[in-house]
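Engineer: here is my input, please return the structure:
(2 chains)
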Amino acid sequence: MERTTIDLWVGVFLALGLAAIFGLALKVGNLTSSNVGETYTVTAAFENIGGLKPHAPVKSAGVVIGRVDGIVFDSKDYEAKVTIKLDKRYQFSKETSASIFTAGLLGEQYIGLETGYDEEKLQSGDKIKHTQSAVVLEKMISQFLYNKASDTKSSDTSKAAE
Amino acid sequence: MFKGLQGALSSLGHRVIEGIWRIGAGARLFSYICFYLPESFKRPRLIVREIFSTGVLSLLIIIVSAFFVGMVLGLQGYNTLQKYGSSESIGVLVALSLVRELGPVVTALLFAGRAGTAITAEIGLMKATEQLSAMEMMAVSPVARVIAPRFWAGVISMPILAALFSMVGVLGGYFVAVPIVGVDSGAFWSQMQASVDFRDDIVNGVMKSLVFGVVCTMIALFEGYDAPPTAEGVSRATTRTVVNSSLAVLGLDFILTALMIGA
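Structural biologist: Next comes the predicted model:
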């Protein structure tokens, strides 16, 4: 085959390969959203993080505004210390509260932020004071059963008193 | 009885010795190729021509099979996921299974069948017709002139083919999931993007295909270089290329997956 034809085809081949890798990175792996633009870091301490993982989304009003950067156990307060990277474009009040939610019944866990009324904004390195832990299903069930049992017991004793 | 036992034992010994000899000879060929690395990149035209015959000519089979593999994954995945009411996760299923496993492995198997056999047969015939000896007589190293460019071409082509396989497979899955089955297009992509990690999934897949590229090309080259210079010898070497490459790819895939998930 002609030399230039071979060169052309190999060029097309390499370009296709690069396009495929870029396509995978952007369209499938969504590389862009994990490190877009400038971010600032805040921390939050949770009593229990449930199944929260690094890179989990941080949402406010359902919109992804940041990612969980890291989770460490704080052996002084026996709490989980979560570092969050937030997009610089979004500013939150100092009184913001953070809670851990689950997407759907069995979905992944994410952090939801709700802003407060304080005029002062969260700065890089600040700590979110109001936090609400993840709901642990087993705890909820046992609490429910315990309440149910005490309900029936009290109704039994009230019946006996009559 | 005693003679039969002796014969069995000695044939076992012969096989082991030959196996070890082949591993050693393969390693020696590999070190020669690495030794000629600067020389082979001084003449990139040779590599470009080999990329054409191993990579470009494999494009058709890779793209067509990737599209069908993706479509089958989409259909099968939908069938099962729909029972649990989570048919939107089909994008995750298709993308993860393609990027992590099927892309590199199926590409390597197809590559061994399409390009590996061609390399073995070509080099085996060159040896049978004494072209390699003729080069040596002219003080041209056949490793530098014939073997090394094919090796680098294979190593370059394989990750590109595997990435193309994964991408086309995902498109095949999309083609089944969205227009045919009726999964929402936004959910398909967003769930996929939420669970496919660039470093853990895509880069690991490319690394796998790079390893497979080295192994498959090396086996094909060695079998051709080592083939007895007869018609039967070349045909046997070609068969061995496919068998050994496939076994090596599947075995290595397990080891690599264990390393990547365990780490």
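
Engineer: wait, a helix at residue A:58?
Structural biologist: No. If the criterion is DSSP: H, G, I helix; E, B strand; the rest coil, then residue A:58 is strand and not within a helix.

Engineer: bridging residues for it?
Structural biologist: Beta-bridge pairing for residue A:58 (DSSP bridges): residue A:66, residue A:111.

Engineer: now it: how far from chain B?
Structural biologist: 13 Å (Cβ to the nearest Cβ, to the nearest Å). Placement of C-beta: from N, CA and C, glycine included.

Engineer: so which elements touch the longest helix anywhere in chain A?
Structural biologist: Determined from DSSP state H, the single longest helix within chain A is helix A:137-161. On a contact count with 3 or more Cβ pairs under 8 Å, 6 or more residues apart in numbering or on different chains; DSSP states H and E, helix A:137-161 meets no helix or strand.

Engineer: tell me the centre residue of the chain?
Structural biologist: Picking chain A for this. What sits nearest the mean C-alpha location of chain A, by Cα atoms, centre = their mean, is residue A:110, with 2.8 Å.

Engineer: can you look at chain B instead?
Structural biologist: Most central in chain B under Cα atoms, centre = their mean is residue B:108, positioned 2.4 Å from the mean C-alpha point.

Engineer: can you pull the contacts of it?
Structural biologist: By Cβ atoms under 8 Å, 6 or more residues apart in numbering or on different chains, the contact list for residue B:108 reads B:158, B:162, B:209, B:212-213, B:215-216, B:245, B:249.

Engineer: equivalent analysis for residue A:94, please.
Structural biologist: A:116, A:118, A:120-122, A:126.

Engineer: enumerate the residues of chain A near chain B.
Structural biologist: Within reach of chain B by Cβ under 8 Å from any Cβ of the partner chain, chain A has these residues: A:1, A:6-7, A:9-10, A:12-14, A:16-21, A:23-25, A:27-31, A:33-34, A:55, A:57, A:108.

Engineer: out of these, list just those in strands.
Structural biologist: residue A:57 (DSSP state E).

Engineer: in helices only, show me the residues of chain A next to chain B.
Structural biologist: Cross-referencing those against helices under DSSP H gives A:6-7, A:9-10, A:12-14, A:16-21, A:23, A:31, A:33-34.

Engineer: so where is the stretch 1-150 of chain B shaky, pLDDT-wise?
Structural biologist: Along the stretch 1-150 of chain B, no part satisfies pLDDT under 70.

Engineer: lowest-pLDDT helix or strand in chain A?
Structural biologist: The weakest-scoring helix or strand in chain A, judged by mean pLDDT, DSSP states H and E, is helix A:31-34 (a mean of 56).

Engineer: for the helix or strand just after that one, packing partners?
Structural biologist: Once helix A:31-34 ends, the next helix or strand along the chain (criterion: DSSP states H and E) is strand A:39-46. Packing partners of strand A:39-46 (3+ Cβ pairs under 8 Å, 6+ apart): strand A:63-74, strand A:79-87, strand A:97-102, strand A:127-128, strand A:130-132.

Engineer: any idea which element the closest residue to residue B:177 other than its chain neighbours lies in?
Structural biologist: Counting by Cβ to Cβ, 6 or more residues apart in numbering or on different chains, residue B:177 lies nearest to residue B:183, which is 4.4 Å off, once chain neighbours are set aside. In the assignment (DSSP H and E), residue B:183 maps to no helix and no strand.

Engineer: one more: residue A:113?
Structural biologist: Assigned by DSSP H and E, residue A:113 belongs to strand A:109-114.

Engineer: list the buried residues for that strand?
Structural biologist: Using 16 or more other Cβ atoms under 10 Å in any protein chain shown as the test for burial, strand A:109-114 gives A:109-113.

Engineer: residue contacts, residue A:110?
Structural biologist: Going by Cβ under 8 Å, 6+ apart, residue A:110 touches A:52, A:56-59, A:100-103.

Engineer: residue A:83 now?
Structural biologist: A:41-43, A:68-71.

Engineer: how about 10 Å then?
Structural biologist: By Cβ atoms under 10 Å, 6 or more residues apart in numbering or on different chains, the contact set of residue A:83 is A:41-44, A:54, A:68-72, A:125.

Engineer: select only the buried ones of those residues in ChimeraX?
Structural biologist: Restricted to buried positions by 16+ other Cβ under 10 Å, the ChimeraX selection for these reads:
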select /A:42,43,44,68,69
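
Engineer: need the worst-confidence member of the contacts of residue A:83.
Structural biologist: On pLDDT alone, residue A:54 ranks lowest of the contacts of residue A:83, at 77.

Engineer: distance check, it against chain B.
Structural biologist: 11 Å.

Engineer: kindly report the same for residue A:76.
Structural biologist: Distance, residue A:76 to chain B, by Cβ to the nearest Cβ: 31 Å.

Engineer: swap in residue A:141?
Structural biologist: Residue A:141 sits 22 Å away from chain B when distances are taken as Cβ to the nearest Cβ.

Engineer: that residue: neighbour count?
Structural biologist: Look at residue A:141: counted by other Cβ atoms under 10 Å in any protein chain shown, it has 10 neighbours.

Engineer: on that earlier part again, which one of the contacts of residue B:108 is nearest chain A?
Structural biologist: Of all the contacts of residue B:108, chain A sits closest to residue B:162, with 8.9 Å by Cβ to the nearest Cβ.

Engineer: would you mind listing the buried residues in whichever strand or helix holds that closest one?
Structural biologist: In the assignment (DSSP H and E), residue B:162 maps to helix B:148-175. Neighbour-count burial for helix B:148-175 flags B:148-174 (criterion: 16+ other Cβ under 10 Å).

Engineer: overlap between those residues and the residues near chain A?
Structural biologist: B:153, B:156-157, B:159-168, B:170-171, B:174 (Cβ under 10 Å from any Cβ of the partner chain).

Engineer: what's the most distant pair in these?
Structural biologist: Largest separation among these by Cβ to Cβ: B:153 and B:174, giving 31.4 Å.

Engineer: quick one: the helices in the stretch 1-150 of chain B?
Structural biologist: Secondary structure of the stretch 1-150 of chain B (DSSP state H, counting those that start in this stretch): helices located at B:2-35, B:37-42, B:44-54, B:59-81, B:90-96, B:103-111, B:117-128, B:131-137, B:142, B:148-175.
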